[in-house]
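Visitor: starting from these lines, generate the structure:
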Amino acid sequence: MKYKLLTCLILGICLPGVLCAQEEIVWGSNYGQGNLVPQLAATAGWNGGALVLGLEPSVDILFYKPVVGSTAFIDIGLAPIGHIGLNLGSVAPGLEAGAGVQVAFHAGFRGFDFPGSEYLAQIDFFARAGVGYNLLSPAGAGLVFVASSGANYFLTPDLYVGVGYNQWGSTSGFSLQGGLRLGNPPAAVGSLAGTWAEAREVGVSAAQSAIMASFYAYYFMSFYTGGHFLQANFTPGQGVVWQVTDGDSDRFSIERAFLSQESDGTQWWRLKYFTDDEAITWEFRINREAKVLELWYKIDEGEAVRIVPSGDSYAAYYEGTEITDSLLAQSTRKEQIRVGAGAFNADVVEMSGQDDEGSDYNYRWWLASTVPGGIVRFQARTGDDSFTMELVRVTTNNSAQLRR
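Guide: This next block holds a predicted model:
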């Protein structure tokens, strides 16, 4: 019967290690499940001002390796330990001897993929804590707390050296140790490169989504001002710059420029948001239905980045558009107005009502057919919110700056 129990114990420790070794993981340790790790540590510590030199032999029995997803970088086990010390103090010099047992934890970093990770993969971080019994001590026999922590470096897949902090009762100090890993090899480790790549892709996707959200906010503001598509009488190279002021007197500028007409009917445009401190520039291609097909963007003086909206990832275009002529037909009067771009005898169009949330709104356009896009001034009030766009200047000779 005792042989069957012993056989079950051996299989219980070693067989899971074999299975773990056959299963590839992306983040692992330097141990296989069921490893035995004999170690010898040379210690130097202090006890009440007295120097204590010692040797501490131990054996880590690593019987548990938690696996979370594709990671298995922690090993847990028990560590029987012995202690032999020489107290060099003048008050109570003498030999020390004891034995104990600790719970041992190890953590490794095999599988990382970045510059220098090949050195990190050889490091084993450990911590052990438990109870010991002093058989021989100047202070007398008795139970003591024992602990150690530190790092080991594997010189080969099985042999390591390390440094640590250790405590045996009231003596604490530092140790130099060496050990040998026995048993099943560590589980095969793939690479976290794919994981890092996925994380980078998620980060890039989130950043690009933020960029696209900003783009569409200013795209609708400048191309669908007040919900009306105003594209009249732009010629390639022409552009306009508006200054936008919101109800809190915050100001920024928006540039809209028609860059080129392509043979397939698509058009390239530039949209730019800028203040005295920051700028975001977009150059994008739209089809005849004003759907955005591709886009380049640059933040301040950074590198230009290309985005191709696909599927339902981003909004495409605003439904139910109206051209300038349709809006001009609703003009109620003429009004002389002066803005940064000059003086204009503008047609005034005004719309009022309630939005879907029951808030009152009032939109007012000042339009001039001599201006690319037609808008000289636009003012919107919805509830307590308001903003104003005014034409600052008309530009010419605009061309692509971001496309490569």
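
Visitor: quick one: buried residues of stretch 353-363?
Guide: For stretch 353-363, the neighbour count (16 or more other C-beta atoms under 10 Å) marks Tyr361, Tyr363 as buried. Where C-beta positions appear, they are placed from N, C-alpha and C, glycine not excepted.

Visitor: average pLDDT for it?
Guide: Across stretch 353-363, pLDDT averages out at 84.

Visitor: please list all residues in contact with the closest residue in space to Val376 that isn't next to it in sequence.
Guide: Leaving out its chain neighbours, the residue that sits closest to Val376 by C-beta to C-beta, 6 or more residues apart in numbering is Trp366, at 4.5 Å. Going by C-beta atoms under 8 Å, 6 or more residues apart in numbering, Trp366 touches Glu335, Ile337, Phe344, Ala346, Asp347, Val348, Ile375, Val376, Arg377, Phe378.

Visitor: right, and Leu259 touches Thr266 too?
Guide: No: using C-beta atoms under 8 Å, Leu259 is not in contact with Thr266, being 11.2 Å away.

Visitor: okay, and the residue nearest to Val376 sits in which element?
Guide: strand 360-367 (DSSP states H and E).

Visitor: which residues of this structure score low on pLDDT?
Guide: 1-24, 90-92, 191-206, 228-232, 310-326 (pLDDT under 70).

Visitor: domain parsing of it, as residue ranges.
Guide: For the chain, the structural domains run 21-191, 221-395, going by automatic domain parsing.

Visitor: ok so, going back, redo the contacts of Trp366 as a markdown table? Include neighbour count, secondary structure and distance to Ala42.
Guide: Converted to a markdown table, those look like this (neighbours: other C-beta atoms under 10 Å; DSSP: H, G, I helix; E, B strand; the rest coil; distance: C-beta to C-beta, whole Å):
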| residue | neighbour count | secondary structure | distance to Ala42 |
| --- | --- | --- | --- |
| Glu335 | 14 | strand | 93 |
| Ile337 | 17 | strand | 89 |
| Phe344 | 19 | strand | 90 |
| Ala346 | 24 | strand | 90 |
| Asp347 | 22 | strand | 93 |
| Val348 | 16 | strand | 92 |
| Ile375 | 26 | strand | 82 |
| Val376 | 27 | strand | 86 |
| Arg377 | 22 | strand | 84 |
| Phe378 | 24 | strand | 81 |
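
Visitor: what helix or strand does the nearest residue to Thr275 once chain neighbours are set aside sit in?
Guide: Residue nearest to Thr275 in three dimensions, not counting chain neighbours: Phe252, with 4.9 Å by C-beta to C-beta, 6+ apart. For Phe252, the host element (DSSP H and E) is strand 251-261.

Visitor: list the buried residues in that strand.
Guide: For strand 251-261, by 16+ other C-beta under 10 Å, it's Phe252, Ser253, Ile254, Glu255, Arg256, Ala257, Phe258, Leu259.

Visitor: all strands of the stretch 1-150 of the chain, in order?
Guide: For the stretch 1-150 of the chain, the strands defined by DSSP state E, counting those that start in this stretch occupy 27-28, 36-47, 50-64, 71-72, 74-87, 94-108, 123-136, 142-154.

Visitor: hang on, the earlier thing: who's the residue nearest to Val376 bridged to?
Guide: On the basis of DSSP bridges, Trp366 is bridged to Val348, Arg377.

Visitor: columns distance to Arg288 on top of the buried residues of strand 251-261, output as a markdown table?
Guide: Output for the buried residues of strand 251-261, formatted as a markdown table (distance: C-beta to C-beta, whole Å):
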| residue | distance to Arg288 |
| --- | --- |
| Phe252 | 30 |
| Ser253 | 29 |
| Ile254 | 24 |
| Glu255 | 23 |
| Arg256 | 18 |
| Ala257 | 19 |
| Phe258 | 14 |
| Leu259 | 16 |
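
Visitor: helices of the stretch 101-250 of the chain, start to end?
Guide: 117-120, 193-223 (DSSP state H, counting those that start in this stretch).

Visitor: ok, for Cys55, nearest residue in space, not its chain neighbours?
Guide: Quick fix: residue 55 is Leu, not Cys. Using C-beta to C-beta, 6+ apart, the closest residue to Leu55 is Ile84 (5.0 Å).

Visitor: Trp168: neighbour count?
Guide: 27 (other C-beta atoms under 10 Å).

Visitor: bridging residues for Asn134?
Guide: Here Asn134, judged by DSSP bridges, has bridge partners Gly98, Gly142.

Visitor: pretty sure it contacts Ala99?
Guide: No: applying C-beta under 8 Å as the test, Asn134 and Ala99 come out as separate, 9.1 Å apart.

Visitor: who's more crowded, those two?
Guide: More crowded of Asn134 and Ala99, by other C-beta under 10 Å: Asn134, with 21 against 14.

Visitor: wouldn't Leu88 be in contact with Asn47 here?
Guide: No: with contacts counted by C-beta under 8 Å, Leu88 stays clear of Asn47, the gap being 9.8 Å.

Visitor: more neighbours, the two?
Guide: Asn47 (22 against 12).

Visitor: distance check, Gly239 against Ser214.
Guide: 19 Å (C-beta to C-beta, to the nearest Å).

Visitor: and what of Asp75?
Guide: 48 Å.

Visitor: and if you look at Asn134?
Guide: 69 Å.

Visitor: right, and Arg403 touches Glu283 too?
Guide: Yes: with contact defined as C-beta under 8 Å, Arg403 counts as touching Glu283 (6.0 Å).

Visitor: neighbour count: these two, which is higher?
Guide: Using other C-beta under 10 Å as the criterion, Arg403 and Glu283 rank with Glu283 on top: 23 against 15.

Visitor: please name the bridge partners of the more buried one.
Guide: Assigned bridge partners for Glu283, using DSSP bridges, are Arg270, Trp296.

Visitor: surely it and Arg270 touch.
Guide: Yes: judged on C-beta under 8 Å, Glu283 makes contact with Arg270 at a distance of 5.0 Å.
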